[in-house]
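**Student:** predicted structure and sequence below. I'll ask about it afterward.
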Amino acid sequence: MTERSTVETPRVGVLTPAGRGAIAVVAVRGADSVRVVDRCFRAASGKSLAETPSGRVAFGRWGDADGEEVVVTRSEDSVEVHCHGGAAASRAIVESLKSVGCQVVEQQEWLAETTAGSIEAAAHRALAQVVTEREALVLLDQINGALRKDLEQALELIDSGQLEEAKDRMFTLINRWHGCNPFLHPTQVYVMGAPNVGKSSLINTLVGFERSIVFDVPGTTRDLVTTTTAIDGWKVELIDTAGLRRGADSIEQRGIDIIFDSIHRAKLVLHVAEARTWLEGKPSSKVFFSRLKGIPMIKVASKIDLLNPSEIQKLEKRAGDKFFLTSIVRRQGIDELLEGIGAIMNPPALPAGTAVLFNKEQSDRVTEAWLAPSAAVSKHALQALLAE
Ligand code: GDP
């Protein structure tokens, strides 16, 4: 048998998710990886990759002198090629490696092979979709095995005859999933109030960019417009409602109906009225707001730049009322309002390393195990989740 025939075919795959970053990473694994990459890579130093020490970074071009600029790192049996993030660049690199003998591995398969298990691979994939750092930290804990460990411990408890203790663990996981799951259910915050009180302007400022054109005509914002942002590190949907107005025209009335169809999902309502209106004690739509029982509400007094200092003081001191005073024109009160929203959302604290279910299939499996009529069925459901 020749030495060559014992060498496994090198495998190539793209590690980074499509279209999200400025840089894409193509990985080559297998004892022959340095040799195959050397057939395509031209280092600026003129040295081959085989001559480049393991762990050292090499800069150069892919293919010929006009090829894509790339940065390459190698170890004994693997190479990573870092190129521009667009799909075309990584695809071209994968194709050329295929033409020199590499086997192409799809990203999903690659993750399943290179991570400890399917849960960790799924966490890797979910990580590519997150929008906040807090979510990313939760997923990194799962990539590092937090969920797997928890499930394995539940299985050990079942094996040692402690089914109730195992079910307590499962219940904690399910509860956490429903209570704080930032992946499926972003917190919904409805921004409500009469037309022209400054709802759209406020949302734009909270989100930090000009999402919609703001017109100075009552009833401009007719439908529900949802903007996703992050507040206090959690995903939040700010929902801009149609203006509330007595004698609303039929289109606005439709908007109001839409609100009532969906408002039960709200975690919080921002009731916006102009500061002067609050001062005069006559914010509109009392009847409307009385229908939002049980949903926490923050009172926002907008356009405080239109009040004089003594009027502002009066509003601040009004007994029994806590207002968040804002002015978009002067950019006042926005940080305080963000803090107020964050405090009400109050997502449960997740200490580092906490096991968290992060997709519905997992939640269904654990619920199945928790509801199982016997230890054997419960065990089977957990094992299936670990093996999936
Ligand atoms: P919406 O109908 O409640 O969404 O109100 P908009 O956000 O469309 O604002 C209505 C008008 O009020 C626009 O002309 C805004 O420029 C103006 N406006 C919004 N916020 C403020 C503010 O803090 N101060 C002042 N003076 N005008 C504002």
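**Tutor:** Here it is on my side, so go on. Numbers count the residues shown, from 1 in each chain.
**Student:** need the helix or strand of this protein with the lowest average pLDDT.
**Tutor:** helix 3-6 (a mean of 44; mean pLDDT, DSSP states H and E).
**Student:** need the helices for the stretch 51-200 of the chain, in chain order.
**Tutor:** Assigned by DSSP state H, counting those that start in this stretch, the stretch 51-200 of the chain shows helices spanning 87-99, 107-114, 118-127, 133-143, 146-159, 163-180, 199-207.
**Student:** next, the buried residues of the first one.
**Tutor:** The neighbour-count check on helix 87-99 (16 or more other C-beta atoms under 10 Å) flags 89, 90, 92, 93, 94, 96, 97 as buried. No exception for glycine: its C-beta is placed from N, CA and C like everyone else's.
**Student:** please compute how far it lies from its chain's middle.
**Tutor:** Taking C-alpha atoms, centre = their mean, to the nearest Å, one finds helix 87-99 lying 29 Å from the centre of the chain it belongs to.
**Student:** same thing with stretch 313-329?
**Tutor:** The answer for stretch 313-329 is 33 Å, by C-alpha atoms, centre = their mean.
**Student:** any part of it near the ligand?
**Tutor:** Yes: judged by C-beta under 6 Å from any ligand atom, stretch 313-329 comes into contact with the ligand through 327, 328, 329.
**Student:** CA atoms of that stretch as CSV?
**Tutor:** Extracted as CSV, the C-alpha positions of stretch 313-329 are listed here (Å, rounded to 0.1, in the frame of the first residue of the first chain):
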residue,chain,number,x,y,z
GLN,A,313,-42.1,71.1,37.2
LYS,A,314,-45.9,70.9,37.8
LEU,A,315,-46.1,67.8,35.6
GLU,A,316,-43.2,66.1,37.4
LYS,A,317,-44.8,66.7,40.8
ARG,A,318,-48.2,65.6,39.8
ALA,A,319,-49.4,63.3,42.6
GLY,A,320,-49.9,59.7,41.8
ASP,A,321,-48.5,59.9,38.3
LYS,A,322,-45.1,59.0,37.0
PHE,A,323,-44.4,60.5,33.6
PHE,A,324,-41.4,59.9,31.3
LEU,A,325,-40.9,63.4,29.9
THR,A,326,-39.5,63.4,26.4
SER,A,327,-38.5,65.8,23.7
ILE,A,328,-37.4,64.6,20.4
VAL,A,329,-36.4,68.1,19.3
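**Student:** pLDDT on that stretch, on average?
**Tutor:** Stretch 313-329 comes out with an average pLDDT of 89.
**Student:** kindly report the same for stretch 268-279.
**Tutor:** Averaging pLDDT along stretch 268-279 yields 92.
**Student:** repeat that for stretch 372-386.
**Tutor:** So the average pLDDT for stretch 372-386 ends up being 94.
**Student:** change the start of the numbering to 640 and stick with it
**Tutor:** New numbering, starting at 640: the last item is stretch 1011-1025.
**Student:** how about residues contacting it?
**Tutor:** Identification of contacts with stretch 1011-1025 by C-beta atoms under 8 Å, 6 or more residues apart in numbering yields 756-758, 787, 790-791, 793-794, 797-798, 800, 802, 805-806, 809, 1001, 1004-1005, 1007-1009.
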